[in-house]
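[1] Based on what follows, work out the 3D shape:
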Amino acid sequence: MTPQLIEAATALADTLARENAALAVLDLPRAAELLAEKQGSAEAFAQAQAAADLAAAFDAEQRRLAAAIAQRLSDLAHENHRLLERALGVQRRVLNTVARAAAKATGRAPRYGATGALAPARQAPVV
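    Sure, this is the predicted structure:
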């Protein structure tokens, strides 16, 4: 494993770990802030991996390092997927709750006409 590939893989793993930490506590703004960094790290990793494939003669220590970082990346990627799915589910439930509450609130709230006076109550549509 080349030093460039180790560095790129470590940077990607560190970025995923920070994003996973944010997602674990549902800090979605902080997780979203890491998107550009994650994309850049993934691109750097892909480029380093392509370059390393050209120089595929690894010694035993490089293979051990490669296996360790590959396992870390795999674990972090799986956790990242799980946490993203969880965050999306929570966000969906929150939005549905807000939408239901808004629908109930607007059904009972007084309505005002163009003159500023209370408008007559609306009748439910006949279907």
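[2] Now the residue at minimal distance from the centre of the chain: closest residue in space, sequence neighbours ignored.
    Centroid-nearest residue in the chain: residue 84, 4.8 Å away (criterion: Cα atoms, centre = their mean). Excluding the flanking residues, the one nearest residue 84 by Cβ to Cβ, 6 or more residues apart in numbering is residue 23, at 6.4 Å. Where C-beta positions appear, they are placed from N, C-alpha and C, glycine not excepted.
[3] Quick one: residues in contact with stretch 32-49.
    Stretch 32-49 is contacted from outside by 2, 4-5, 7-9, 11-12, 15-16, 18-19, 22, using Cβ atoms under 8 Å, 6 or more residues apart in numbering.
[4] Could you list every helix and strand that the helix or strand harbouring the residue nearest to the centre of the chain packs against?
    Using DSSP states H and E, residue 84 falls within helix 60-108. With contacts taken as 3 or more Cβ pairs under 8 Å, 6 or more residues apart in numbering; DSSP states H and E, helix 60-108 sits against helix 3-24, helix 28-33.
[5] Got the confidence number for residue 58?
    With respect to pLDDT, residue 58 has a value of 66.
[6] just the angle between whichever strand or helix holds residue 41 and helix 60-108, please?
    Using DSSP H and E, residue 41 sits in helix 35-54. Here helix 35-54 runs at 150 degrees with respect to helix 60-108, directions being taken by axes from the mean of the first three to the mean of the last three Cα atoms, to 10 degrees.
[7] how far off helix 3-24 does helix 35-54 point, in degrees?
    Using the same axes, to 10 degrees: helix 35-54 against helix 3-24 is 150 degrees.
[8] Please identify the buried residues of helix 35-54?
    Going by neighbour count (16 or more other Cβ atoms under 10 Å), the buried part of helix 35-54 is 38, 41, 44-45, 48, 52.
[9] And stretch 3-15, by the same measure?
    5-6, 8-13, 15.
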